[in-house]
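Q: Provided below are the primary sequence and the corresponding predicted coordinates.
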Amino acid sequence: MNRPCQKNYLLIAFALMLPVGSARAQDDDFQAGNKFYENGDYQSAVMMFQKVDGAGLESAPLYYNLGNAYFKDGDLGRAILYYHRAKRLDPSDPDILNNLEFAGRFSTMRMEGVELNPIDAFLKSMVGGYRLKTLGWLASGFFILFVGLLILKYGLQIYFSGLNSAITTALILLVMSSGLTTFKYRSEFLIKRGVVIAQESTVYSGPSTNSDLEFEGSPGLVVEIVKESGDFYDVLFENKRRGWVKKDLVAVL
Amino acid sequence: MNCRGYKLCLYMVLVTLALAPSVSAAPVNQVEIEAVLDRDTIGLDEQAILQVIIRSADQNIDAPNMPTLPMFEVYSQGRSSNISIVNGAVSASLTYRYILMPKKSGTYPIDQIAVVHKNKRYVANALELTVLDKGVATPPELEDQAGDGQGGSKDYFLEATVDNAKPYVGQQITLTLKFFIAVQSFGSPELTEPALTGFWSEVIGNKPVYFQSINKRRYKLIERQYALFPTQTGELTIGRAMIRTTIAATNQSQRDPFDIFGNVFGRGTDVTVRSQPVTVKVRTLPEPGKPKDFSGTVGKFSITATIDKREVEVNQPVTVVFKITGVGNVKSVAEPLMPSLPDFRIYRSSSSENMTKFNDLLGGTKIFEEVFIPGQPGEQEIPAVSYNYFDPESGKYRTISTQPFKIKVRKPEGFVASPNVPFTPSELSIGSESRDIRYIKSDLGDTQAKGEILLLTPAYIIANGLPLAVLAGLVIARKRRERLQADVGYARSRTASKAARKRLSKAQALTKVETLSEFYAELNLVLTAYIADKLNISPYGLTTDRIMHLLEEKQAGEALVNDIIGVIKQCDFARFAPSSLSKNDMDNSLLKVEQIMAGIEGVNFE
């Protein structure tokens, strides 16, 4: 083997090893964060977990541990923010749901949600406990099944009794699963949401501190970000109250 | 009705029966009649609202007979009905509303309101209404607030009051917002609710609009109430509420001089009014008598427990449902502490809550489901579970308890006592688990790139795109095969090139001077057969003129047609005067035919 060829192989090997090495470094940082947490040094734990977060990767356990570290450090707003992020990645994890509910009890202000219309409520109850990825792959599975059956019928011209019924069933399942996936994506990812992270957050009637004061928010409140203007977000609270909050007081989910 | 709705209905019936026997549903085939006044004292220039409520399973009941009330002008405000079905029993209530406007001061009885049904007369409870001289019924503070400071009175104002200015932390207080307006207004007033920092709040609702006279002026009142639960001690301030509304412009100078329809279409002036902030001094709960396991629940509650089965095998779950019901903030009701039971593993299965409003009080039920898994056969007992709360009315801590449950734990088949049986209690203290956050995760889990969209990942595209490509390929191949079989013209056109190339190679073998005639004959055949296949016609009798005509019909280029005619003419010429052509001409002709075939491939013969 000549030298340039050898050099190329080395480069490829290095490139292949890079993600592995990088993932290992993030896992090491994660474990270091856990050690700090176990020793009661929550600020250092937050720093280590944030380092993993800053590397461009996300996982439900990472956000969950960050939420715990912030909670123990007394930062209720950020704790709830990260519990929400963890829940979005894994809505079926009982630990995440428990800690989110528990942290919510410390919020001094409650914004009771307005009841959803029955269809939205039904769809939410259907998809609420599933990850978006799970629903996406489920829809993909039904799509492959549907196309597979079409291949049998139209491509290979293999017929058997019940084939048409199987195609219809696969199509119905595909439409349903795709619809639910789209609903989940729209309601949880397309609609921009945020969490109030500041201890004191004044809600104004307009995008300026000279506007009328509407009320004082509290950390942990979840808002829908309707639009933005300058340094302000126009936000809609869960009880459909609306107002303007300074951007640095709210973290986008 | 869904489970939650059913539970809510059931709870509302239970609370109604427990707290307000006077308003419970009437038994079937009976008639109950009740008279209610909104106030028992009014001023001479004010009015009272009298409601007559008739409850019966039978909805066909006549209107009540009203007694003669000479000291009042009585106006009917119509009736409303309400029907409810509980456990299959139908109960209906009819409410008749009357406005009583006094003519003279004094105390007057209101009795003998009766209804006759199926030849039986039912009489309502007697009431008494006191009418005071003008203005006396209005509190002086309200008169001050209504005054404009110049001897007159305000057209509108907003008042905020609480029923208890010194509550305990966690105790409900009721905030009442009253909007007084004495001038004509348009549309519904728009309310900006007060800032309630330091309180957990719930809207109780709006009261029916009524009227009140203050300083000889008649105000319309819109009233809204909130249940507030202080979450911290010390001085808390309820912020200003604000109302925006449109009132009739009273000042002529404010009117648009060109607006001649101003009065007709009711255009007015937009006004804003704010309430005064209200300060509440929230007291801490008393230390004496505070139980060690007190969880902070304030109100008045009862606890019940039910068990799903009394006989199980070892390791089989038994579910105990604990229901804490009462008046207070049920959302803050913590899980009861489970006793330490070495022979059981205990898991909290779920918790849920229902909230309801009864008059001005907020209450409800919180339900905890606990799963007990016995690890030892024999007679076992789940002991009584107690719960502590603070009763703000008496200022004392109370303890409530459930009854104990005895269960029979059977030995399952093949049961062998071992160090693992009975089970050691779980490492986690399950009972207090929800009092602190659950522990961190030890594993980073499945990571993904931030903002990754599944639809755009290579795996997803390949997984979904590959079957689609296979399907498309197979369908196209099948269609082509079918057409080749069914359409002779298409098949000839498709195979023309292949057949021509075969003949061309045969002609190539004849490119010698001694076989010149054969070569050009073959070349002529190659070209005419190729064109005939492309046009799906017989090659026999295909003349130069016909080829020219057909190719022009198919819009083949003029140069291409000329080339074809040129080659055919050369082939004819070679057959009659072969000596004038050389091998070089043969090669050129061969090349020309190949170029013509490439050109014809570009012509659409469909």
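A: Ah, there it is.
Q: can you list the weak-confidence ranges in the stretch 151-300 of chain B?
A: B:151-152, B:249-267 (pLDDT under 70).
Q: which residues of the stretch 101-250 of chain A score low on pLDDT?
A: Using pLDDT under 70, the stretch 101-250 of chain A drops low at A:107-116.
Q: count of neighbours near the one residue in it that gets nearest to chain B?
A: Closest to chain B within the stretch 101-250 of chain A is residue A:155: 2.9 Å, counting by C-beta to the nearest C-beta. From N, CA and C alone the C-beta is placed, and that goes for glycine too. Applying other C-beta atoms under 10 Å in any protein chain shown, we find 20 residues neighbouring residue A:155.
Q: so it touches residue B:468, yeah?
A: No: using C-beta atoms under 8 Å, residue A:155 is not in contact with residue B:468, being 11.1 Å away.
Q: rewinding a little: on the pLDDT front, check the closest residue to the residue of the stretch 101-250 of chain A closest to chain B other than its chain neighbours for me.
A: Take residue A:155 and drop its neighbours on the chain: the residue closest to it by C-beta to C-beta, 6 or more residues apart in numbering or on different chains is residue B:474, 2.9 Å away. Residue B:474 is assigned 91 on the pLDDT scale.
Q: wait, is residue B:474 part of a helix?
A: Yes: assigned with DSSP: H, G, I helix; E, B strand; the rest coil, residue B:474 falls within a helix.
Q: I'd say it and residue A:151 touch.
A: Yes: Residue B:474 lies in contact with residue A:151 (C-beta under 8 Å); the separation is 6.2 Å.
Q: common neighbours of the two, please.
A: In terms of C-beta atoms under 8 Å, 6 or more residues apart in numbering or on different chains, residue B:474 and residue A:151 are not both contacted by any residue.
Q: how about residue B:530, what does it touch?
A: Contacts of residue B:530 (C-beta under 8 Å, 6+ apart): B:496, B:497, B:499, B:500, B:597, B:600.
Q: before we move on, what about residue A:196?
A: A:77, A:217, A:218, A:219, A:220, A:221, A:223, A:245, A:249, A:250 are the contacts of residue A:196 under C-beta under 8 Å, 6+ apart.
Q: so who does the second one touch?
A: If you count contacts by C-beta under 8 Å, 6+ apart, residue A:217 has them with A:109, A:196, A:201, A:202, A:203, A:237, A:245, A:249.
Q: where do the helices sit along chain A?
A: For chain A, the helices defined by DSSP state H cover A:3-38, A:42-54, A:60-72, A:76-89, A:94-104, A:118-127, A:132-150, A:163-185.
Q: likewise for the stretch 301-450 of chain B?
A: With DSSP state H, counting those that start in this stretch as the criterion, the stretch 301-450 of chain B has helices at B:430-433.
Q: which residue does it bring closest to chain A?
A: residue B:441 (3.7 Å).
Q: check contacts around the residue lying closest to that residue once chain neighbours are set aside.
A: Nearest residue to residue B:441 in three dimensions, chain neighbours excluded: residue A:61, at 3.7 Å (C-beta to C-beta, 6+ apart). Residue A:61 is in contact with A:86, B:441, B:443, B:444, B:445, counting by C-beta under 8 Å, 6+ apart.
Q: dump stretch A:47-62 to PDB, restricted to CA.
A: This file holds the C-alpha atoms of stretch A:47-62, laid out as PDB (Å, rounded to 0.1, in the frame of the first residue of the first chain):
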ATOM      1  CA  MET A  47     -22.900  23.300  34.300                       C
ATOM      2  CA  MET A  48     -22.000  19.800  33.300                       C
ATOM      3  CA  PHE A  49     -25.400  19.000  32.000                       C
ATOM      4  CA  GLN A  50     -25.500  22.300  30.100                       C
ATOM      5  CA  LYS A  51     -22.200  21.300  28.500                       C
ATOM      6  CA  VAL A  52     -23.900  18.200  27.000                       C
ATOM      7  CA  ASP A  53     -26.900  20.300  26.000                       C
ATOM      8  CA  GLY A  54     -24.600  22.800  24.300                       C
ATOM      9  CA  ALA A  55     -23.000  20.100  22.200                       C
ATOM     10  CA  GLY A  56     -26.200  20.000  20.000                       C
ATOM     11  CA  LEU A  57     -27.500  16.700  21.400                       C
ATOM     12  CA  GLU A  58     -30.700  16.200  23.300                       C
ATOM     13  CA  SER A  59     -32.300  13.300  25.300                       C
ATOM     14  CA  ALA A  60     -35.100  13.000  27.800                       C
ATOM     15  CA  PRO A  61     -32.800  11.900  30.600                       C
ATOM     16  CA  LEU A  62     -30.500  14.800  30.000                       C
END
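Q: any stretches of the stretch 401-550 of chain B with poor pLDDT?
A: If you take pLDDT under 70 as the line, the stretch 401-550 of chain B has these spans: B:412-436, B:513.
Q: near chain A, which residues of it?
A: Residues of the stretch 401-550 of chain B lying near chain A by C-beta under 8 Å from any C-beta of the partner chain: B:434, B:436-450, B:454-455, B:460, B:463-464, B:467-468, B:470-471, B:473-475, B:478.
Q: which of the residues you listed fall in strands?
A: B:448, B:449 (DSSP state E).
Q: for ChimeraX, write the selection for the buried entries among the residues of the stretch 401-550 of chain B next to chain A.
A: Buried subset of those, written as a ChimeraX selection, criterion 16 or more other C-beta atoms under 10 Å in any protein chain shown:
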select /B:434,437,438,440,441,444,445,447,454,460,464,467,470,471,474
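Q: just want the most central residue of chain A.
A: With distances taken as C-alpha atoms, centre = their mean, the residue of chain A nearest its centroid is residue A:88 (3.4 Å).
Q: mind listing what the residue nearest to residue B:402 when sequence neighbours are not counted touches?
A: Using C-beta to C-beta, 6+ apart and skipping the chain neighbours, the partner closest in space to residue B:402 is residue B:305 (3.7 Å). By C-beta under 8 Å, 6+ apart, the residues touching residue B:305 are B:320, B:321, B:322, B:323, B:385, B:402, B:403, B:405.
Q: pull out the buried members of these.
A: Restricting those to buried positions leaves B:320, B:322, B:323, B:385, B:402, B:405, with burial counted as 16+ other C-beta under 10 Å.
Q: what's whichever strand in chain A runs longest packed up against?
A: As assigned by DSSP E, the longest strand anywhere in chain A is strand A:222-229. Other helices and strands packing on strand A:222-229, by 3 or more C-beta pairs under 8 Å, 6 or more residues apart in numbering or on different chains; DSSP states H and E, are strand A:193-196, strand A:232-237, strand A:242-246, strand A:250-252.
Q: direction included, what does the second one pair up with?
A: Pointing back at strand A:232-237 there. Its sheet considered, strand A:232-237 pairs with strand A:222-229 (antiparallel), strand A:242-246 (antiparallel) by DSSP bridges.
Q: which parts of the stretch 1-150 of chain B sit against chain A?
A: Counting by C-beta under 8 Å from any C-beta, no residue of the stretch 1-150 of chain B is near chain A.
Q: any regions of the stretch 1-150 of chain B where pLDDT drops low?
A: In the stretch 1-150 of chain B, residues with pLDDT under 70: B:1-29, B:84-91, B:134-143, B:148-150.
Q: helices of that one, start to end?
A: B:3-19, B:140-146.
Q: that older thread, out of the helices and strands packed on strand A:222-229, nearest to residue B:311?
A: Closest approach to residue B:311 among those (C-beta to C-beta): strand A:193-196, 49.0 Å.
Q: what lines up beside that closest one in the sheet?
A: strand A:222-229 (antiparallel), strand A:250-252 (antiparallel).
Q: buried residues in the last one?
A: Neighbour-count burial for strand A:250-252, counted by 16+ other C-beta under 10 Å, picks out A:250, A:251.
Q: which outside residues touch that strand?
A: A:77-78, A:81, A:192-198, A:201, A:223, A:225, A:233, A:235.
Q: what do you get for stretch A:145-163?
A: By C-beta under 8 Å, 6+ apart, stretch A:145-163 touches A:166-167, A:170-171, A:173-174, B:467-468, B:470-471, B:473-475, B:478.
Q: try 10 Å this time
A: A:164, A:166-175, B:464, B:466-479 (C-beta atoms under 10 Å, 6 or more residues apart in numbering or on different chains).
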